[in-house]
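Colleague: have a look at this prediction, sequence included:
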Amino acid sequence: MAAPVVGRAVPRKEGRSKVTGQARYVDDLTMPGLLHGVTVRSPVPRGRIRGIRFEGGLPWDEFTIVTARDVPAPNRIALILNDQPCLADDVINHAEEPVVLLAHADRGLAERARQSVAIDVDPLPAVLSLDESLSGREVIWGTDNVFKSYLVNSGDVDAALAAADIVVEGEYETGAQEQLYIEPQGMISMADAEGITVWGSLQCPYYVHKALTTLFSLPAGRVRVVQTETGGGFGGKEEYPSHIAAHAALLAMKSGRPVKLVYDRAEDMVATTKRHPSRTRHRTGLSHDGRLVAMDIDFVLDGGAYCTLSPVVLSRGTLHAAGPYYCPNVRIRGRAMATSTPPHGAFRGFGAPQSLFALERHMDVVAARAGLAPDDLRRRNFIVQGQTSAIGQVMREPVEMDALLDRALALSGYHRKRETFDRANGHSPVKQGIGFASFLHGAGFTGSGEVHLASVVDVEATADGHVRVLAASTEIGQGTNTIFAQIIADTLGIGYDQVEVAQPDTANVPDSGPTVASRTAMVVGKLVETAARTLQQTLVDAGLLGAGGTGDAFIHACRTYIGTHGALRARSIYSPPPGVQWDDEAYRGDAYGAFAWAVYVAAVSVDTATWETRIDDFVALQEIGRVLHPVLAAGQIEGGVAQAIGYALLEEVIWRNGRMANGQMTNYIMPTSMDLPPIRVFFEERPYAHGPFGAKGIGELPMDGVAPAIANAIAHATGAAVSKIPITPESLMATIDRQLEAARV
Ligand code: MOS
């Protein structure tokens, strides 16, 4: 029996190939006769296409040219509502919308050609802000610009607000954010009468598979999607790769040659999805003893020009909007609106960072109005085991927010620093502050999502004494391959090196669902464990292994079984944990199988000469069930905190006429190591009965609590009524100036 590896920092499965440069990313691949594809995009946010001109004296007859006319009807990329065309036909609905595809063997010439196609457009009025969209003056989608709305309603909010001792209102905004994975998006396709194959950088092989079988009306067996080594995703490679795959396939079909379509950074930044901008209004009623009696929340997301994933991003944001608190009367209205920008999409946190920024910043505002300390207000209202949340979810698992808060405040020296800073700030041009956020993140698909996905994992034994995992879950840098191998190794008592993880390839692996929603470790990992146990049971049933037999006995039995039967394979299919139920109609019930819980604390210095914020210390404490791999788990938190520091302070998408005007890494500023504080990561482990070895989801959690903790710290340091991120020096100075102005009149 091999030594256990769960909970230990074993080398990551693909680590060696990555550090030695052996790992092959899509742009490393080549094929005989390869053509290079490029995409010609809309120059305006909205209009009607009058014509397409091919200029510049280029040898146009050498090019493969694809327009909407080459796309099989109904020219849609399958997702939720299937409203987004593969290539714009007649009408343009956002800047940078794909209109024409070109391919040529010479990459440089293809790029020149891209710049030599002129698209003539008769402009139509564009809708360039949430307010314009909400006003309904120009209707660009449906009858009212609303992609989707939800209403959560528990108790009687209006009566409770009327009776409350204190009512506090607030309005909060968050901006767009670019995923900035290291490897830009890209695909290679080969296509002929037999079918289509694509290789590429992606999170969800079966999403791409569905988009291609739908668009080309092909049976499942004639489309093959293979994930190549992927340099980060963060949600950005959840839905967009379906477009690039379809584009590459169209060019490959028309040319009869393999086609590579790889975006450079500039194209990736301006054309692909970003995090949804948001606006949240809170009206909160409090009793005289500091208890929440009413929460009235209006949560609005900017979805961009097509519906894409906005309904599910909105749902997660809506269901997290009341946070880790108990309140008897809650109304949450969520709406996703259409605007004339490229569609916003999946990004780590998936709606929750937006609504939780608003809530956790607002809680500090409410505390101040009620004359309570921020931690005191929260302590009086944390939800506990056995209570029912606003969305009708009974908290069956232990919830220990109080203990988490105690530990996080102790680790950060919160109370001491709060006092010291308050005393020192009066005399100093550099103001120090400390703030925190307490929050939760639901792991797995929202609502009945996991039941609908019905994910499948196969595990097989090989004749040479290995066990191989067959799943469509992708390694995108976060550690999928490693944790799957750890789970198999400890379930079967075999060595970590005896486990292989198959490359996600729809021709070889079953659909274990998309690699999103903090679901891979908890949901798919559990299926991996279950499939391994089924494999083991097959050997027991065949009389080759004693009950629960592991290690060498297991491997020996596998060999014997394979010698007789030729193959040994077992399958596991998702079924929800007992008692977990969601009502789609009523939009109530168990929204998530499990939640991770956290308290994050930021200490900052704000220089009142430049209004720059420096983060001096950051404590991230979370309860995630069980830590499967301490280095990968800490890495997830450190990376997520770093990404969220960018979201909070630096990363500002400048929109000009519906187009990202700062689509370069020189003017869209993300944090570098020089901008980051020490990020001190701590875990509490309360094993979750339905996760593998007790694990819950972890990937998205760190995105949720960083911005409000920093905003609360800046408010503490400066007294600024911070309500909007990113908190750039310019915006902080403007906030302070407005407050000084208001105080003068
Ligand atoms: Mo995600 S943002 O659920 O890939």
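Modeller: That came in fine, so what should we check first? What you see is a predicted model; the values in this text were computed from it and never measured. Numbering: from 1, shown residues only.

Colleague: could you use CA atoms for every contact and neighbour count after this?
Modeller: Fine.

Colleague: average pLDDT across the helix or strand where residue 552 lies?
Modeller: Secondary structure from DSSP states H and E places residue 552 in helix 551-565. Summarised as a single mean, pLDDT over helix 551-565 is 96.

Colleague: buried ones in it, by neighbour count?
Modeller: If you call a residue buried by 16 or more other Cα atoms under 10 Å, then helix 551-565 has these buried ones: 551-555, 557-559, 561.

Colleague: how close does residue 384 sit to residue 45?
Modeller: As for residue 384, its distance to residue 45 is 48 Å (criterion: Cα to Cα, to the nearest Å).

Colleague: neighbour count for those two, which is higher?
Modeller: Applying other Cα atoms under 10 Å to residue 384 and residue 45 shows that residue 45 carries more neighbours, namely 26 against 20.

Colleague: hey, what's the residue nearest to residue 417 when sequence neighbours are not counted bridged with?
Modeller: Distances taken as Cα to Cα, 6 or more residues apart in numbering place residue 434 nearest to residue 417, at 7.1 Å, with adjacent residues excluded. Beta-bridge pairing for residue 434 (DSSP bridges): residue 603.

Colleague: surely residue 434 is in contact with residue 614?
Modeller: No - when contacts are counted by Cα atoms under 8 Å, residue 434 is not listed as touching residue 614 (11.7 Å).

Colleague: out of the two, which sits in the busier spot?
Modeller: Set residue 434 next to residue 614 and count neighbours by other Cα under 10 Å: residue 434 wins out with 30 against 18.

Colleague: what helices and strands are in contact with the helix holding residue 552?
Modeller: The contact analysis (3 or more Cα pairs under 8 Å, 6 or more residues apart in numbering; DSSP states H and E) places helix 551-565 against helix 525-541, strand 568-573.

Colleague: and the closest residue to the ligand within the chain, what does it touch?
Modeller: Residue of the chain nearest the ligand, by Cα to the nearest ligand atom: residue 235 (3.1 Å). Counting by Cα atoms under 8 Å, 6 or more residues apart in numbering, residue 235 touches 179, 203, 345-348, 516.

Colleague: which single one of those residues is nearest to residue 477?
Modeller: Among the contacts of residue 235, residue 203 lies closest to residue 477 (Cα to Cα), at 10.8 Å.

Colleague: show me the contacts for that closest one.
Modeller: 227, 233, 235, 237-238, 473-474, 476, 514-516.

Colleague: hmm, 7 Å instead?
Modeller: 233, 237-238, 474, 514-515 (Cα atoms under 7 Å, 6 or more residues apart in numbering).

Colleague: could you export these as a markdown table, including neighbour count?
Modeller: A markdown table is the format used below for these (neighbours: other Cα atoms under 10 Å):
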| residue | neighbour count |
| --- | --- |
| 233 | 27 |
| 237 | 28 |
| 238 | 23 |
| 474 | 29 |
| 514 | 23 |
| 515 | 25 |
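
Colleague: may I ask which two of the residues you listed are separated the most?
Modeller: Largest pairwise distance in the contacts of residue 203, by Cα to Cα, is 12.0 Å, between 233 and 514.

Colleague: now tabulate the buried residues of helix 551-565 in CSV and tack on distance to residue 304.
Modeller: Converted to CSV, the buried residues of helix 551-565 look like this (distance: Cα to Cα, whole Å):
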residue, distance to residue 304
551, 53
552, 56
553, 57
554, 54
555, 53
557, 56
558, 53
559, 55
561, 55
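
Colleague: that older thread, now cross-check the contacts of residue 203 against the ligand and list the overlap.
Modeller: Counting by Cα under 6 Å from any ligand atom, residue 238 from the contacts of residue 203 sit close to the ligand.

Colleague: tell me which stretches of the stretch 551-700 of the chain form helices.
Modeller: Ranges of helices within the stretch 551-700 of the chain are 551-565, 630-645, based on DSSP state H, counting those that start in this stretch.

Colleague: and the ones you listed as JSON lines, adding distance to residue 707?
Modeller: Shown next, in JSON lines, are those (distance: least, Cα to Cα, whole Å):
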{"stretch": "helix 551-565", "distance to residue 707": "47"}
{"stretch": "helix 630-645", "distance to residue 707": "6"}
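
Colleague: can you pull out the strands in the stretch 101-250 of the chain?
Modeller: Secondary structure of the stretch 101-250 of the chain, counting by DSSP state E, counting those that start in this stretch: strands at 117-123, 146-154, 166-174, 186-192, 195-200, 223-227.

Colleague: out of those strands, which comes closest to residue 255?
Modeller: strand 186-192 (9.2 Å).

Colleague: quick check, residue 550 in contact with residue 490.
Modeller: No - the pair residue 550 / residue 490 is not scored as a contact, 9.2 Å apart, by Cα atoms under 7 Å.

Colleague: end to end, how far does stretch 604-623 reach?
Modeller: Start-to-end, stretch 604-623 (Cα to Cα) is 25 Å.

Colleague: what about that stretch, average pLDDT?
Modeller: 98.

Colleague: check stretch 486-504 too.
Modeller: On average, stretch 486-504 scores 98.

Colleague: just checking, what packs against the helix or strand where residue 319 lies?
Modeller: Per DSSP H and E, residue 319 falls inside helix 310-320. With contacts taken as 3 or more Cα pairs under 7 Å, 6 or more residues apart in numbering; DSSP states H and E, helix 310-320 sits against strand 292-304, strand 330-338, helix 352-370.

Colleague: what does the stretch 151-300 of the chain put close to the ligand?
Modeller: Going by Cα under 6 Å from any ligand atom, the residues of the stretch 151-300 of the chain near the ligand are 234-235, 238.

Colleague: at 5 Å instead, please
Modeller: residue 235 (Cα under 5 Å from any ligand atom).

Colleague: could you pull out the helices for the stretch 151-300 of the chain?
Modeller: Under DSSP H, counting those that start in this stretch, the stretch 151-300 of the chain gives helices at 157-163, 205-215, 241-255, 265-271.

Colleague: what does the stretch 1-150 of the chain give?
Modeller: 15-19, 107-114, 130-135.

Colleague: output the first one as CSV - backbone C-alpha positions only.
Modeller: Below are the C-alpha coordinates for helix 15-19, written out as CSV (Å, rounded to 0.1, in the frame of the first residue of the first chain):
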residue,chain,number,x,y,z
GLY,A,15,4.8,20.3,-14.2
ARG,A,16,7.9,18.7,-15.8
SER,A,17,6.6,19.1,-19.3
LYS,A,18,5.8,22.8,-18.6
VAL,A,19,9.1,23.7,-17.0
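
Colleague: now it: buried residues?
Modeller: For helix 15-19, burial by neighbour count (16+ other Cα under 10 Å) applies to no residue.

Colleague: now do the last one
Modeller: Using 16+ other Cα under 10 Å as the test for burial, helix 130-135 gives 130, 132-134.

Colleague: again, but for the second one
Modeller: When burial is assessed from 16+ other Cα under 10 Å, helix 107-114 yields the following buried residues: 110-111, 113-114.

Colleague: cool, stretch 186-198 as well?
Modeller: 186-191, 195-198.

Colleague: likewise stretch 734-745?
Modeller: Buried residues in stretch 734-745 (16+ other Cα under 10 Å): 735-736.

Colleague: ok, and what's touching that stretch?
Modeller: 720-721.

Colleague: swap in stretch 627-638?
Modeller: Contacts of stretch 627-638 (Cα under 7 Å, 6+ apart): 6-9, 478-479, 483, 679, 681, 695, 699, 702.
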